[in-house]
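1. Got a sequence here, can you build the structure:
(one chain, ligands or ions: 1)
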Amino acid sequence: MTISIVAGNWKMNTTLREATSLVSEMKPRLDDAQGVRKVVCPPFVSLASMADLLRGSTISVGAQNMHHEDSGAYTGEVSPLMAAELCEYVVLGHSERRQHFGETDESVNLKVKAANRVGLKPILCVGERLDERDEGRAEALVERQLRGGLEGEDSVSGLVVAYEPVWAIGTGRAATPDVAQDMMAHIRSVLTSLYGGSTASDVPLLYGGSVNAANATDYMKESDIDGALVGGASLDADSFVEIVRAAAEARP
Ligand code: PGA
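-> Numbers count the residues shown, from 1 in each chain. So this is what the prediction gives:
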């Protein structure tokens, strides 16, 4: 069975002090939850401390982004090698990066390749805007992002794909489990056409967009949804722990 993953994307939230207290609160409770891989993605400045705090625990650390070059004159950027020293995962191509920082399928593809090169597991984010869905272009758009992000990549070991419809992120307007499942099935079929059925079935597919403790179970029950990428609710220890438990119970 595909592994289940619940990842918390903290975005540009938490000072080091706040990050420390959030992780300290969650850690003993998350360590108890079996059967689900747990990932927290704090801001860069807290990564080293969180990696220290979580060493030896069952909780993995992820970065929210990175540059594709290993080093160089890129003021303000963090390289794949730097991230790989501290993290197991890296979120790539989040819609906020595409929207506010000009990331494209091409730049995301360079980052996916860089992640694979240094042994980081990419959480590749795809998802359509509301106008694209209304125009009936959601599937085509997500397929383009997926094929573009994976262009030229022969190996997908470690790959995680997160489907996050832009209109559902931070809005409280979560996609219904049906809508999410339909897109996941499409993503799975695109992965199958690229890498074959058995490889595609091993890639964990996460739903993201207003996931909370109350709705998490409904997603996890869907056949092609293997977990969640959680934004707002991952900043609250109780909520995040509940979502992880829901995932564990839904997919024993
Ligand atoms: P949200 O964010 O859970 O706050 O909607 C999800 C995400 O952007 O990863």
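2. distance of residue 25 from residue 190?
-> When distance is defined by C-beta to C-beta, to the nearest Å, residue 25 is 39 Å away from residue 190. For the C-beta atoms, the positions are set from N, CA and C on the backbone; glycine is no exception.
3. And those two? Which one has more around it.
-> More crowded of residue 25 and residue 190, by other C-beta atoms under 10 Å: residue 190, with 20 against 15.
4. How about whatever helix or strand that one lives in and the ligand, any contact?
-> Following DSSP states H and E, one finds residue 190 within helix 177-195. No. Helix 177-195 does not reach the ligand (C-beta under 6 Å from any ligand atom); its nearest approach is 12.7 Å.
5. Assumed residue 7 was part of a strand.
-> Yes. The assignment for residue 7 is a strand, going by DSSP: H, G, I helix; E, B strand; the rest coil.
6. Quick check: beta-bridge partners of it?
-> residue 39, residue 229 (DSSP bridges).
7. What score does residue 250 have for pLDDT?
-> Note on residue 250: pLDDT of 86.
8. Skipping adjacent residues, who's closest to it in space?
-> With sequence-adjacent residues excluded and distances taken as C-beta to C-beta, 6 or more residues apart in numbering, residue 250 is closest to residue 220, at 3.4 Å.
9. Next secondary structure after the helix holding residue 190?
-> helix 197-202.
10. got the phi/psi numbers for residue 37?
-> Phi and psi for residue 37, reported as degrees, to the nearest 10, are phi -80, psi 130.
11. and the closest residue to it other than its chain neighbours, how many residues sit next to it?
-> Distances taken as C-beta to C-beta, 6+ apart put residue 5 closest to residue 37, at 4.5 Å, once the chain neighbours are dropped. Neighbour count of residue 5, defined by other C-beta under 10 Å: 24.
12. Residue 5 contacts residue 41, doesn't it?
-> No. The criterion here is C-beta atoms under 8 Å, and residue 5 misses it with residue 41 at 11.7 Å.
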